[in-house]
Each structure stands twice: as structure tokens, then as C-alpha cells.
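Asker: Generate a structure from the sequence data that follows.
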Amino acid sequence: MCLAIPSKIVSIEHEMAVLDVDGVKRKASLLLLEDACVGDYVIVHAGFAIQKIDEQAARETVELLRESLARIEQDKSGA
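Answerer: Numbering: from 1, shown residues only. Just a heads-up that it's a prediction; the model follows:
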């Protein structure tokens, strides 16, 4: 199973993007997307941006992931 976390493009150089994933910087290829721009949110798989998503969906997804992680941590500390 793969978990895709929305990532914001913060810079582009030679079809490679630097992405911000909740404060962590990563690189990914943009070869599979025709119109990706700085500021866009993308889903990455195996080092390639494969789909653009809108900012609202990206923020909602990241918030759901944060909530899930908080519940997991809470369950661990209460067990």
C-alpha cells in the first residue's frame, strides 16, 4: 500500500521540483506533469509527481493525517 501525502512545489529547476511536505523538503521529478508550477500541490509516487490537487484538498488531507497521527500517539501513551 502507498500513502500519498500532498506536497507543495516551492521551486523548479530542470523538470525537478523541490517540495515542502509539512516542513520537510524533498525532490521529485515533474516529467509526468505538463503544467506544474511553483505553489501547486502535487501527489508523488516513486519520486515522480503524478497528479496536481487543489490547495483545499491538500490542506484537508494533511489535517486528517495529523489527526490520525495524534490518535495513534494518544493510543500508544494510554496503552
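Asker: Quickly run through the sheet partners of the host helix or strand of Leu19, with directions.
Answerer: Per DSSP states H and E: Leu19 is located in strand 16-21. Paired strands of strand 16-21, with direction, are strand 7-13 (antiparallel), strand 24-29 (antiparallel) (DSSP bridges).
Asker: Run the chain-centre distance for stretch 36-49.
Answerer: Distance, stretch centre to chain centre, for stretch 36-49: 7 Å (C-alpha atoms, centre = their mean, to the nearest Å).
Asker: So for the strand holding Leu19, mean pLDDT?
Answerer: Average pLDDT, strand 16-21: 95.
Asker: same question, stretch 67-77
Answerer: Stretch 67-77 comes out at a mean pLDDT of 88.
Asker: May I have that stretch as PDB, with CA atoms only?
Answerer: Output of stretch 67-77 as PDB, limited to C-alpha atoms (Å, rounded to 0.1, in the frame of the first residue of the first chain):
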ATOM      1  CA  GLU A  67      -5.300  13.900  13.400                       C
ATOM      2  CA  SER A  68      -4.700  10.300  12.700                       C
ATOM      3  CA  LEU A  69      -1.100  10.500  13.900                       C
ATOM      4  CA  ALA A  70      -2.300  12.300  17.100                       C
ATOM      5  CA  ARG A  71      -4.800   9.500  17.800                       C
ATOM      6  CA  ILE A  72      -2.100   6.800  17.200                       C
ATOM      7  CA  GLU A  73       0.200   8.600  19.600                       C
ATOM      8  CA  GLN A  74      -2.600   9.000  22.200                       C
ATOM      9  CA  ASP A  75      -3.400   5.300  21.900                       C
ATOM     10  CA  LYS A  76       0.200   4.400  22.400                       C
ATOM     11  CA  SER A  77       0.600   6.600  25.500                       C
END
